[in-house]
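Participant: Need a 3D model of the following:
(chains A and B)
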Amino acid sequence: MPHVRILIRPKAGILDPQGTAVEQALPQLGFAGASDVRIGRLVELDVADTSEVEAMCQKLLVNPLVEDYEVQVDGVAVEA
Amino acid sequence: MRIGVPQFPGSCDEVDALLAAGKVGDAELLWHRDRDLKGVDAVVVPGGFSYGDYLRAGAIAGLSPVMDAVADFAREGGPVLGICNGFQVLCAAGLLPGALLQNQNRRFVCRQVELVVETTATPWTAAAERGQLLSIPAKHQSGRWYAPDELLAEVKENDQIVFRYAAGGNFNGSLEDVAGVCNAGRNVVGLMPHPEHAVDPLTGSADGLVLFRSVLEGAAHAA
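Facilitator: Okay, here's the model as predicted:
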């Protein structure tokens, strides 16, 4: 069955408190020069029919108001 | 007047919602798998952690069978109030504008807040006064209301901001201090703080009662 990965991230310009926390923690550990840290989600699933993935994203997996997403099928990015 | 309170696995404020509703009428618990609302006159979607809030707060509950029925009820003009997780559920279900994001300070915050009533043109604020201050508790980690510019402009244009945090009281980073909004039809209202926890002076404030009184008086007018 095709293996699908959905990378979900907060839209540009939306405050990401998790990302901010990590961005502040990195220099404290000696890693200088990291910026624009954003934290999203990865959803992985096997599906019989990849044509349904877009609908899954729109209906449940992603909130298109505040999140962007990218779909990969067997490691290859597909147009959303 | 009968107010229905749908219960999801993970809801935790349905008992207080029933108690508050019971102060103005009869209250009835509805089950998340129910597909009908048993003829109730209003619906209060309670706070808690519906379906564990896995994925995103309110996302899974927004697609539950009872929410299909609530959506139909709302489309017909029925008064619906979403409190905290209930607000998140109504946004997830597309019945209210915007989304609730993690608090700016990343913390779960539990405190008494002051809300300003911004509009009385909803069934849940009709008995209040514009500018009235309500002291009620808030307790949440994902209560930062957000809407993209275009949607925010529309919400403001249509007078859909129902509650704001009083000056200096916006602890979660909500856009424009918004604590609660309504839909374009004005019958669906959602807010993050908890009016159902403020219905008896014994617990510090009875300011939340005005929402429940509003819907009762509205029903009496309609009858």
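Participant: Can you tell me the element B:Gly190 falls in?
Facilitator: Following DSSP states H and E, one finds B:Gly190 within strand B:188-191.
Participant: Would you map the strands across chain B?
Facilitator: Under the criterion DSSP state E, strands of chain B are mapped to B:2-7, B:26-31, B:42-45, B:80-83, B:99-101, B:109-117, B:133-140, B:144-146, B:161-165, B:178-182, B:188-191.
Participant: Which one, of those strands, ends up nearest to B:Asp207?
Facilitator: B:Asp207 lies closest to strand B:133-140 among the strands of chain B, at 4.1 Å (Cβ to Cβ). All C-beta spots, glycine's among them, are computed from the backbone N, C-alpha and C.
Participant: which helix is the longest one in the chain?
Facilitator: All of this refers to chain A. Ranked by residue count, the top helix of chain A under DSSP state H comes out as helix A:17-28.
Participant: that's the wrong chain, I wanted chain B
Facilitator: The single longest helix within chain B, with elements called by DSSP H, is helix B:209-222.
Participant: Please identify the buried residues of that helix?
Facilitator: Residues B:Leu209, B:Val210, B:Leu211, B:Phe212, B:Arg213, B:Ser214, B:Val215, B:Leu216, B:Gly218, B:Ala219 are the ones in helix B:209-222 that count as buried (16 or more other Cβ atoms under 10 Å in any protein chain shown).
Participant: Return the alpha-carbon coordinates of the longest helix of chain A using CSV.
Facilitator: As requested, the backbone C-alpha atoms of helix A:17-28 are provided in CSV (Å, rounded to 0.1, in the frame of the first residue of the first chain):
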residue,chain,number,x,y,z
PRO,A,17,4.9,29.4,21.0
GLN,A,18,6.4,25.9,20.8
GLY,A,19,8.9,27.1,18.2
THR,A,20,9.7,30.2,20.2
ALA,A,21,10.4,28.1,23.3
VAL,A,22,12.9,25.9,21.3
GLU,A,23,14.4,29.0,19.7
GLN,A,24,15.1,30.4,23.1
ALA,A,25,16.5,27.1,24.5
LEU,A,26,19.0,26.5,21.7
PRO,A,27,21.4,29.3,22.5
GLN,A,28,21.3,28.3,26.2
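Participant: contacts for that helix?
Facilitator: A:Pro10, A:Ala34, A:Ser35, A:Asp36, A:Val37, A:Arg38, A:Ile39, B:Gln102, B:Asn103, B:Gln104, B:Asn105, B:Arg106 (Cβ atoms under 8 Å, 6 or more residues apart in numbering or on different chains).
Participant: any low-confidence regions in the chain?
Facilitator: Using chain A. A:80 (pLDDT under 70).
Participant: You answered for a different chain; I wanted chain B.
Facilitator: Using pLDDT under 70, chain B drops low at B:223.
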